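Colleague: A structural model of the following input is requested.
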Amino acid sequence: MIKLERKPKPQILIDNEQAWTSNLLGAVSKYGSYSKIPKNEKEKLLVHYRHEQIKSVLFDSSLDKCAFCETKPSESGNIEVEHFNPKSRYPDSAFDWDNFLPACRKCNVSKDDHDSRNEPIVNPYDLDPEDVFSYKDIRITAKENEYKQMGDMTISVCSLNSVRLMKPRADILVSLHSFSAALEEAIEDYFEADTGVKRRNRKRKLGEALEAIELLANPSEKFSGFCKSYLRGCAPYQQAKDIVEGAE
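Modeller: Below is the predicted model:
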């Protein structure tokens, strides 16, 4: 999970949010509860939050990744407009821009109608996940700080340590370990260079290697938060950065 920046509210919501909300709440009042609204009528009332103008802006804000698990639609089902506070519990927030997140089908199903107001989970638009989570090998864990309870709840509610997520993390981890070992050898070669030309060439190759691996931590890439966390704790990577940036 990575920090996301919420984009300005789409014009379609600015123009219609109040009316759409009023119509939905009117139906809740008419039938006695959200759950008692007839299915067909409820669908007609809710269809607006899936408007293309809303999805386009929302999905762009997460670079077309799921806000929770960082997978891409092709791997986790269609990306959907998720209500952070479930519309079934809080119909007054069904068209609230600040209540929308882009989520894959699997996270959406896992989260279901979890009451995020009474049992808070991480909203990556409002809180930096780096302050909440760390990784132990291929498992995401909550840090021992003020956000631990929220972090543990998020991991549980969104099934962030499910097999479907740990397996690709494991594949990436193998690549990252191989990269780390290769960097150690490249750093040794750099310090063994006996001429200025050799040292410059080996420094350039180190820079190219860093650029290649840093692509995995690019926000647009799946599991970029996992990769970024690994690189922060990777000594050969940090040493190579120092060399390339001129500290060594």
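Colleague: only C-alpha atoms from now on, for both contacts and neighbour counts.
Modeller: Will do.
Colleague: how about the helix or strand where residue 57 lies: buried residues?
Modeller: Using DSSP states H and E, the element containing residue 57 is helix 52-61. Residues of helix 52-61 classed as buried: 54-55, 57-59, 61 (neighbour count, 16 or more other C-alpha atoms under 10 Å).
Colleague: packing partners of it?
Modeller: Applying 3 or more C-alpha pairs under 8 Å, 6 or more residues apart in numbering; DSSP states H and E, we find helix 52-61 packed against helix 11-31, strand 79-83, strand 100-104.
Colleague: how much does the longest one deviate in direction from helix 52-61?
Modeller: Orientation note: helix 11-31 sits at an angle of 110 degrees relative to helix 52-61 (axes from the mean of the first three to the mean of the last three C-alpha atoms, to 10 degrees).
Colleague: show me where pLDDT drops low in this structure?
Modeller: For the chain, the stretches with pLDDT under 70 are 74-77, 247-248.
Colleague: can you give me the strands for it?
Modeller: Secondary structure of the chain (DSSP state E): strands located at 79-83, 100-104, 133-136, 139-142.
Colleague: quick check: which of those strands is buried the most?
Modeller: strand 100-104 (a mean of 27; mean count of other C-alpha atoms under 10 Å).
Colleague: what's the domain layout of this protein?
Modeller: 11-125, 163-244 (automatic domain parsing).
Colleague: relative to residue 140, which of those domains is closest?
Modeller: Proximity to residue 140, assessed across those by C-alpha to C-alpha, is greatest for domain 163-244 (8.3 Å).
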